[in-house]
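Novice: need a 3D model of the following:
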Amino acid sequence: MKTETQNPYNANMARRAFLRYAGASTAVAGIMAMQSCSKDNSAYEEDGSGGGSGTVDVGSGDTGILNYAYALEQLEAAFYIQVVNSFAADFTSDERALFTDIRDHEVSHREFFKAALGSGAIKGLTPDFSKIDFSSRTSVLNAAKTFEDLGVAAYDGVAAKIQNPDYLVIAGKIVSVEARHAAVISNIRSQGSFVDTDQVDGSTGLNITLGPTKVVAAANLYLKTKISAKSFNF
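Specialist: Below is the predicted model:
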């Protein structure tokens with residue numbers, strides 16, 4: 001019987017192509033992001049120089065929802081930037097390539113929301129990754145799963161509240177990429193777990209969702225600049 005372990009090279013290359021196509025579809029939705037996010041080193045600096053301590057409320061309405069997503073994308077982008085800048089020694093070359101692709105996606109997402117929100121954007125947030133051991137592959141993979149699963153559940157949890165249909169389309173395109181990230185990270189951690197029960201409700205076949213209260217609490221564990229969604233009217 002042929003299994004993936006008998007041909008790991010093809011399997012890994014398929015996963016890399018999978019993520020690249022995911023990034024391409026998001027670029028269509030976020031053309032402004034791709035224009036503002038170059039491939040030089042400056043594009044990968046943490047977007048948090050104006051952050052610091054304190055609490056930032058994301059606001060209300062569609063702008064609040066976009067800022068909510070922007071906050072999560074800032075967190076993810078900062079995480080993957082640090083991962084790629086200091087890979088754990090036991091990451092394979094294919095895993096390094098995958099994480100580099102994911103970093104590029106998250107930076108594009110972050111820059112898209114920043115550009116789209118303009119003067120309405122919340123400030124750059126300062127992450128707190130003291131709970132993550134970036135020298136440990138296991139620690140990094142566990143954190144990546146936490147961030148990706150949280151992001152997908154968060155988008156799904158607020159999608160019904162988006163009023164502007166154009167925003168809803170963009171959110172749908174971005175969350176589909178985040179779900180691909182979540183699937184591949186889960187599969188790297190444990191082969192065959194790409195649709196695990198902590199991600200998808202087996203009885204409905206639908207992704208598990210989380211409301212803003214739980215998402216904010218989880219995200220704030222990794223932020224020095226805390227966020228709040230108190231202005232949401234739901």
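
Novice: where along this protein do the helices fall?
Specialist: Using DSSP state H, the helices of the chain run over residues 8-29, 31-36, 61-85, 93-117, 137-158, 165-189, 212-220.

Novice: want to throw the ones you listed into TSV with mean pLDDT, mean neighbour count and distance to residue 123?
Specialist: In this view, the C-beta of every residue, glycine as well, is placed from N, C-alpha and C. As requested, the helices of the chain are exported to TSV (pLDDT from 0 to 100; neighbours: other Cβ atoms under 10 Å; distance: least, Cβ to Cβ, whole Å):
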stretch	mean pLDDT	mean neighbour count	distance to residue 123
helix 8-29	46	15	24
helix 31-36	36	14	17
helix 61-85	97	23	10
helix 93-117	96	21	10
helix 137-158	95	21	20
helix 165-189	93	19	21
helix 212-220	96	18	15
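
Novice: those: which one's closest to residue 124?
Specialist: Judged by Cβ to Cβ, the one of the helices of the chain that comes nearest to residue 124 is helix 61-85, at 6.8 Å.

Novice: nearest to residue 127, of the helices of the chain?
Specialist: Closest of those to residue 127 is helix 61-85, at 4.5 Å (criterion: Cβ to Cβ).

Novice: report the contact partners of residue 220.
Specialist: Residue 220 makes contact with 226, 227, according to Cβ atoms under 8 Å, 6 or more residues apart in numbering.

Novice: nope, residue 144 is what I meant
Specialist: Residues in contact with residue 144, defined by Cβ under 8 Å, 6+ apart, are 79, 80, 83, 99, 102, 181, 185.

Novice: distance of the residue nearest the centre of the chain relative to residue 173?
Specialist: Closest residue to the average C-alpha location of the chain: residue 76 at 4.6 Å, with Cα atoms, centre = their mean. As defined by Cβ to Cβ, to the nearest Å, residue 76 lies at a distance of 16 Å from residue 173.

Novice: perfect, that will be all.
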